[in-house]
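> Kindly generate the corresponding structure for this input.
(2 chains)
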Amino acid sequence: ETGVTQSPTHLIKTRGQQVTLRCSSQSGHNTVSWYQQALGQGPQFIFQYYREEENGRGNFPPRFSGLQFPNYSSELNVNALELDDSALYLCASSSGTGGSRKETQYFGPGTRLLVL
Amino acid sequence: AQKVTQAQTEISVVEKEDVTLDCVYETRDTTYYLFWYKQPPSGELVFLIRRNSFDEQNEISGRYSWNFQKSTSSFNFTITASQVVDSAVYFCALYNTNAGKSTFGDGTTLTVKP
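Numbers count the residues shown, from 1 in each chain, chains lettered A, B, ... in the order given. The predicted model follows:
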């Protein structure tokens, strides 16, 4: 086990709704990254948070947003859900950033989101 | 732009066979990290190895070994004497230290038959 937890494990929503996914980082890790993994594909980077600020973003629209809290837990929010948002959402925690970044990311078990 | 290519979509072997999973990457960065992850059906990505761009030494860990060839931008993964429990999807990933993101390949599904 990596010590990274995510909730919920599964979620079903309808198109147009909003969803919030949660991630608890491994103890001592101050950096969290979120990935979207569609069926049969590799994870795609959504964004990264370091010390409560966004620290990098992939090619995802603004309706994908995030928060990181002082205890380094994190949320991924998706507004106006589309059918293509159906995927496994993974969060990964690591420690440090910039020159002192610890590059090994430890992944949680993911949240499977189905949009109908 | 970064890219990771895992040309083998699926591989099927019989237990005890050796198997090599290929990974080719593209990046303009001089400093980067390469990873291999295992993803069992449960979905969690299990970290296997990290290699930085300045360290081309091959590594062996039990039945696993990795061959990093910077000249050909490849980071191949070999499982010796495969076992049924090795069946999973394996991902190669390239980590960009500046952007703080990992770029993954599309994975290789390995099936080890008894």
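> mean confidence for stretch A:73-87?
Average pLDDT, stretch A:73-87: 97.
> Name the helix or strand for the residue nearest the centre of chain A, please.
Taking CA atoms, centre = their mean as the criterion, A:W34 is the residue nearest the geometric centre of chain A, at 2.7 Å. Secondary structure from DSSP states H and E places A:W34 in strand A:31-37.
> so what's the nearest residue to the residue nearest to the centre of chain A once chain neighbours are set aside up against?
The spatially closest residue to A:W34, leaving aside those adjacent along the chain, is A:I46, at 4.3 Å (CB to CB, 6 or more residues apart in numbering or on different chains). For every residue, glycine as well, the C-beta is placed using N, CA and C. For A:I46, the contact set (CB atoms under 8 Å, 6 or more residues apart in numbering or on different chains) comprises A:S33, A:W34, A:Y35, A:Q36, A:R57, A:G58, A:F60, A:F64, A:G66, A:L76.
> Just the element for the last one, please.
Right, the one you point to is A:L76. Under the assignment given by DSSP H and E, the secondary-structure element containing A:L76 is strand A:74-78.
> Show me what that strand is in contact with.
A:18-23, A:25, A:32, A:34, A:46, A:49, A:63-69, A:85, A:89, A:91.
> Check what pLDDT the closest residue to chain B within chain A gets.
Shortest chain A-to-chain B distance, computed as CB to the nearest CB: residue-wise this is A:G42, at 3.3 Å. The pLDDT attached to A:G42 in the predicted structure is 94.
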